[in-house]
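> The amino acid sequence is not available; the structure is as follows:
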């Protein structure tokens, strides 16, 4: 369906990635945001809190990130599209209720504008050190969707996709921006509302007497009932059966948790998204994401001048990871080169998928700045030898 | 040849355990007076028997809430209950309402999202002392400060029950717990004072002996807005009473009978509870501070005028064209019944 025009600021704008993310959320129909101030993400909620009163949205600044995340899970159960915004330290606190959202299957979006860590780390400077936390951060087994924009325009476009994916798969979707993209100001085109497709909440049409909140009838994603519509349903973070009632057994855990995994795993092909160029005949493939994908461009150009055949992959969806594609590609190339603003995180996944068929070369860079493109070029040259 | 085995001391510890004084053997006892619990409409009867121990006070508090809903004839389609984790955290799973069993300590912020996402809901938070005042203490004080439109029922049994009797922020000084085996030496919270000090609109305390007064407080609170806090002092014979040798069911109720004093309007600062000391009950605070939603609407209307668009009462869901209202249940609950007049006193 087309989105509600009330949230769409159609036109050409000069916005930073944080503001563009806020505009994207409002354009996607987000009408509830709970957050706690944290650099470098705060501009997202500053933008939203200035615009929400004019479109029927509610922003509340909660007492901490634990509360912010819990509040958006609660609001999600009213059918209101909900989001919270944070950076590393807050992201750590949100892990508890990201797990709750995964277990309850409450659609919501969590924006993490990444800065350098660990702990308080580098509040105002870039990092990409939370990408593994995004995948594995909350305890237990579950699957998640994580997206990563490389520009303010993509921040706007992709956060709409984040809301749509949350609705389609009933999962929390993690929007893993980085400080550079968040604070980078570029031209952002916001289209007309009738050009923006949004996925509505999949409300059940069953009679309350026939409705079970986690009955899927062989599908992977159950129908949704809103609080206040008379379904009088129950939901819990405990292992639960189709009725949403706690059942403490290995059999129920298998049924419950396996479906949470399968609904993402078996739909991977529909979710995975990346850009690939010059892959055909390449010896080296540079895989990166976020701001690093833009920095790597120059490194790749430098290395190409030395006659190295270089393919480029830019991940747009970080999780699920394009496992099959990487595995197939690994047999045809010499090495993957993976620059990222951390000590080497996604490179582990690349190495796992390459499964010994080719090398996976990490180009680490701790937080606080982007790579020197020459370092990336040098890593490519060394990998090609 | 096998050496002769000799038994020294008691042959069986079991023989010393007293037979359970309640629960007559199956098949005996008086015939049932009704086929169904009179408040079955408000309970998930398919989940009975519940997990609570015999003589636990939580069930009494649940029954009082069910009775309050019944007397008020509220539209229960529009009432949601949110719990955290722990013994009282299971309440959301036994009430036939939209029920949310959230994470430990997060019932209040979860409920805040639920209320703000669909302002027409009446949202009741029902959880324990450890959940709401321990791990969730920060959320508690901030929701009270905002005068958030939530009714918060806190069942206080002075101990962490579900995990086996550990020290709670409410455990009185000298009371024994499994992590304070020589007696607690930490100062506990005076919860009514905490709630009142943070700005709660309505503050009351009762024990589970005071079922009529507790039900009346629930009725009052259900018909109000803002942050309403009701502390329910409840017995835990399995842990708190056993560790402190206070007896069981009847003894604990008798203690309430002999050691509670009703002081409506008492200064909340004066109602702290010592170990086996007097329990002051009553309605301590009953004010009319503008609630969070009132403040938001008044302020935005004042500063933004006609341009202010509030969150729709039925929630911020953006409907596909032509689909609203959707569900059969939504149509069925469109007529909201008027609540019964509540008399104070």
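That came through, no problem. If you're wondering where the values come from, they're calculated on a predicted model, not measured in any experiment.
> Which residue does the stretch 51-200 of chain B have closest to chain A?
Of all residues in the stretch 51-200 of chain B, residue B:113 sits closest to chain A, at 2.9 Å by C-beta to the nearest C-beta. All C-beta spots, glycine's among them, are computed from the backbone N, C-alpha and C.
> Which helix or strand contains that residue?
Taking DSSP states H and E as the criterion, residue B:113 maps to helix B:107-117.
> Show me what that helix packs onto, helices and strands only.
Using 3 or more C-beta pairs under 8 Å, 6 or more residues apart in numbering or on different chains; DSSP states H and E, the elements in contact with helix B:107-117 are strand A:32-35, strand A:58-61, helix A:65-76, strand B:79-83, strand B:98-101, strand B:122-128, helix B:137-146.
> quick one: is the helix or strand immediately after the last one in the chain near chain A?
Spelled out, that is helix B:137-146. Counting by DSSP H and E, the next helix or strand C-terminal to helix B:137-146 is strand B:151-156. No: with C-beta under 8 Å from any C-beta of the partner chain as the measure, strand B:151-156 is seen stopping short of chain A, the closest distance being 14.3 Å.
> Strand B:151-156 packs against which elements?
helix B:58-72, strand B:122-128, helix B:129, helix B:211-222, strand B:228-233.
> and those, which is most packed in?
When these are scored by mean count of other C-beta atoms under 10 Å in any protein chain shown, the highest mean neighbour count falls to strand B:122-128 (a mean of 31).
> how about the helices in chain B?
Listed in chain order, the helices of chain B (DSSP state H) span B:58-72, B:107-117, B:129, B:137-146, B:191-198, B:211-222, B:240-243, B:249-259, B:292-304, B:328-332.
> Throw those into JSON lines and include mean pLDDT, thanks.
Formatted as JSON lines, the helices of chain B follow (pLDDT from 0 to 100):
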{"stretch": "helix B:58-72", "mean pLDDT": "98"}
{"stretch": "helix B:107-117", "mean pLDDT": "98"}
{"stretch": "helix B:129", "mean pLDDT": "98"}
{"stretch": "helix B:137-146", "mean pLDDT": "98"}
{"stretch": "helix B:191-198", "mean pLDDT": "98"}
{"stretch": "helix B:211-222", "mean pLDDT": "98"}
{"stretch": "helix B:240-243", "mean pLDDT": "96"}
{"stretch": "helix B:249-259", "mean pLDDT": "95"}
{"stretch": "helix B:292-304", "mean pLDDT": "98"}
{"stretch": "helix B:328-332", "mean pLDDT": "51"}
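> which stretch among those comes nearest residue A:316?
Closest to residue A:316 of the helices of chain B is helix B:107-117 (C-beta to C-beta; 29.2 Å).
> Tell me the gap between stretch A:245-255 and the middle of its chain.
Here the centre of stretch A:245-255 is set off from its chain's centre by 29 Å, with C-alpha atoms, centre = their mean, to the nearest Å.
> For it, buried residues please.
By 16 or more other C-beta atoms under 10 Å in any protein chain shown, the buried positions in stretch A:245-255 come out as A:245-246, A:252-253, A:255.
> do stretch A:186-203 as well
A:186, A:188, A:190, A:193, A:196, A:198-201, A:203.
> cool, and stretch A:254-267?
Within stretch A:254-267, the residues that count as buried by 16+ other C-beta under 10 Å are A:255-257, A:259-260, A:263-264, A:267.
> outside of that stretch, which residues touch it?
A:102-103, A:105, A:140-145, A:169-171, A:214, A:216, A:220-221, A:239-241, A:271, A:320 (C-beta atoms under 8 Å, 6 or more residues apart in numbering or on different chains).
> In helices, which of these appear?
Those of the contacts of stretch A:254-267 lying in helices (DSSP H): A:102-103, A:169, A:271.
> Please identify which of those residues is nearest to chain B.
Nearest to chain B, judged by C-beta to the nearest C-beta, of the ones in helices among the contacts of stretch A:254-267 is residue A:103 at 9.5 Å.
> Please read off the pLDDT at that closest one from the model.
With respect to pLDDT, residue A:103 scores 98.
> show me the contacts for the residue nearest to it when sequence neighbours are not counted.
Among residues not flanking residue A:103 along the chain, residue A:237 sits closest, at 5.0 Å (C-beta to C-beta, 6 or more residues apart in numbering or on different chains). Residue A:237 makes contact with A:99-100, A:103-104, B:101-103 under the criterion C-beta under 8 Å, 6+ apart.
> Could you check how far residue A:237 is from residue B:113?
Distance of residue A:237 to residue B:113, computed by C-beta to C-beta, to the nearest Å: 15 Å.
> And for residue A:179?
Counting by C-beta to C-beta - residue A:179 and residue B:113 are separated by 27 Å.
> what's the answer for residue B:196, then?
For residue B:196 relative to residue B:113 (C-beta to C-beta), the value is 25 Å.
> Who has more neighbours out of the two?
residue B:113 (34 against 22; other C-beta atoms under 10 Å in any protein chain shown).
> I'm done for today, thanks for sticking with me.
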